[in-house]
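> Sequence isn't available, so here's the structure alone:
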């Protein structure tokens, strides 16, 4: 049976324990994802409290991290989502995403509606990929792919 959390406190505390165990074990998010058999983006989000993991994935990552059965159970619960508290984010990396949406949010909205019509892009039926590529002008670039299912607005 699926269970849901209505207070994010327990999942936030577990996320702190996960990051501590990951650091102590010198593990990467990719290693944890490989153990879970799921994408690195999904597993990272789950371990940071934003998704529920299937039982086999929860047991696999808990084993690598040295977490107990209570953590395995909690990793399988549907969380209260939202990892950035209200207001403008203070963390520089998260703030830059906020800034990108401030600058390009209306552009993205205009282009999505022009190409698809009235609707939204799902964050539930969604895939995320982050890659590092060489910048032809020197240094590195981040390529971030947000791949969500388009859901049209339907009159009722």
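Cool, got the structure. Here the structure is a predicted model, which means the values were calculated and not measured.

> which residues touch the lowest-mean-pLDDT helix or strand in the chain?
For the chain, counting by mean pLDDT, DSSP states H and E, helix 92-116 ranks last in confidence among helices and strands (a mean of 93). Residues from elsewhere that reach helix 92-116, judged by C-beta atoms under 8 Å, 6 or more residues apart in numbering: 84, 88-89, 119, 121, 150, 152. To be clear about C-beta, it is placed using only N, CA and C from the backbone, and glycine gets the same treatment.

> do the same with stretch 140-156
With C-beta under 8 Å, 6+ apart, stretch 140-156 has contacts from 112, 116-123, 125-135.

> What subset of those residues is buried?
Among the contacts of stretch 140-156, the ones that count as buried by 16 or more other C-beta atoms under 10 Å are 112, 121, 128.

> which residues make contact with the host helix or strand of residue 34 from outside it?
Assigned by DSSP states H and E, residue 34 belongs to helix 29-36. By C-beta under 8 Å, 6+ apart, the residues outside helix 29-36 that reach it are 22, 39-40, 42-44, 47, 53, 56-57, 60-61, 63-65.

> Among those residues, name the buried ones.
Buried among the contacts of helix 29-36 by 16+ other C-beta under 10 Å: 22, 40, 42-44, 47, 53, 57, 60-61, 64-65.

> Just the buried positions in the helix or strand residue 17 falls within, please.
Using DSSP H and E, residue 17 maps to helix 9-24. Residues 11, 14-15, 17-18, 21-22 are the ones in helix 9-24 that count as buried (16+ other C-beta under 10 Å).
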